[in-house]
Each structure stands twice: as structure tokens, then as C-alpha cells.
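Q: turn this into a model:
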Amino acid sequence: MPSRSPSVSASSSHAPASVRTAARRADDGPAVVSHEESHAVVERLGAALSGAGFPPMPSRVFAALLVDDDGRMTAAELSQELSVSAAAVSGAVRYLGHVGLLRRERERGGRKDVFVVLDDAWHGALTSTDQIYAPIIAALADGVEHLGVRTSAGARLQLSREFLEFVTEEMRGIVDRWENYKRDRIR
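A: Numbers count the residues shown, from 1 in each chain. All right, here's what the predicted structure looks like:
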């Protein structure tokens, strides 16, 4: 079975998913992982993400991109890899793009979109709290204003607002600590 070499540039076209292999770094250098093994990892990771509350199809698509050697796949490759329809892939990549776990690119000189997951995908998704929480915090504040903080519902809304404001502030510290960790990890 042919395999895609880890040295192939990111801008070259992908081999069909059924013949793609992933490279895994070990102490003795890169190792080739079978398609069956990488597919099993995709399904286990997809199930874990789904179990944690992510929608099932975006979970599988995100897992497939994480497991792919260069983290780049077209919709057709994702559809083939996961044995799902193009419509299922389309909805999944739309969701993943919205939550910041992937980005859409166009191959230079090509007409197909390529979906790319960053090596540090979780960082962007989990630290964009201003974009995620700001509208919720504003709606909670509006609810408190309309219901009054002295009502049970108003007090509950106020506590929710304070919690989200707290999380937003704490995330700034987490981002700083993560950047320090990554910097120290590379040394």
C-alpha cells in the first residue's frame, strides 16, 4: 500500500484517506502507523469528545484532523475517511470553524477548500472567552435589570453573570501560564 511521506509539503495534494498513514515520533525516529490504527484513534477520540458534550459529527471530524499527519484535509478526504456524506462534513466543519477549532484555507492555485487544525487548537477555542461570553454576560445583565436582583430569578442571573465574568478574567491568567509552559517545554 502506498503511503504519504512525512516530508511531502503541506501544499501538495493528499493521497486518498484509505492509503494515508500517520507518522508518530518515537525515541528511534518516525514510525508508520497503519490506517486501521489511526482510524481507531479517531473513533475513540471522537467518542470521548462526543461523550463530553460535543456534537458527534464535529467530534469525529476534529479527531480526524488531529490524527492526520499534517492536520489538513479536504471535505472529500474527511467524507471518505469517516464514511459520511459531504453534507455531514459541511455541517461539522461549519461548527468547528465557529468554535475556533479549525480554519478553512484554499490551496494555492487550487479550487478546493482545505480544513486545517492548528497544533494548539484547544488554546484558541478555549481562550476566546470575550467572544463567547460577552454576549451572554450582556444578556444576563439585561435580565437582571428587567427582573431585579432582589427576585430569585434576578439573583440567579446575577450569580451566573458574576461567574462568567470571573471565568473570563481567570482565562487571561491561564493563557499567560500556558504560554510560559510552552516556552519552557521547548527549552
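Q: per-residue confidence at the residue positioned nearest the centre of the chain?
A: Note on the chain: the residue nearest the mean C-alpha position is Leu101, at 2.9 Å, using CA atoms, centre = their mean. With respect to pLDDT, Leu101 has a value of 90.
Q: how about stretch 152-162: buried residues?
A: Of the residues in stretch 152-162, 154, 157-158, 160-161 count as buried by neighbour count, 16 or more other CB atoms under 10 Å. Yep, even glycine has a C-beta here, placed from its N, CA and C like the rest.
Q: also stretch 46-59?
A: Using 16+ other CB under 10 Å as the test for burial, stretch 46-59 gives 46, 49-50, 54, 57-59.
Q: please flag which of those sit within strands.
A: Within those, no residue falls in strands by DSSP state E.
Q: show me which of those residues is closest to Leu96.
A: The nearest member of the buried residues of stretch 46-59 to Leu96, counting by CB to CB, is Pro58 at 5.2 Å.
Q: was I right about the closest one contacting Tyr95?
A: Yes - counting by CB atoms under 8 Å, Pro58 does reach Tyr95; the two are 4.5 Å apart.
Q: what residue in this protein is the furthest from its centre?
A: Max radial position in the chain (CA atoms, centre = their mean) goes to Arg150, at 40.5 Å.
Q: any idea how far that one is from Trp178?
A: To Trp178, Arg150 is 40 Å away according to CB to CB, to the nearest Å.
Q: with Gln80 instead?
A: Distance, Gln80 to Trp178, by CB to CB: 35 Å.
Q: pretty sure Val84 contacts Met57?
A: Yes - when contacts are counted by CB under 8 Å, Val84 is listed as touching Met57 (6.9 Å).
Q: could you pull out the helices for this protein?
A: 35-51, 56-67, 75-82, 86-98, 121-127, 129-147, 152-186 (DSSP state H).
Q: for those helices, which one ends up most surrounded?
A: With neighbours defined as mean count of other CB atoms under 10 Å, those peak in mean count at helix 56-67, which reaches a mean of 24.
Q: show me what that one is packed up against.
A: Packing contacts for helix 56-67, counted by 3 or more CB pairs under 8 Å, 6 or more residues apart in numbering; DSSP states H and E, involve helix 35-51, strand 72-74, helix 75-82, helix 86-98, strand 113-116.
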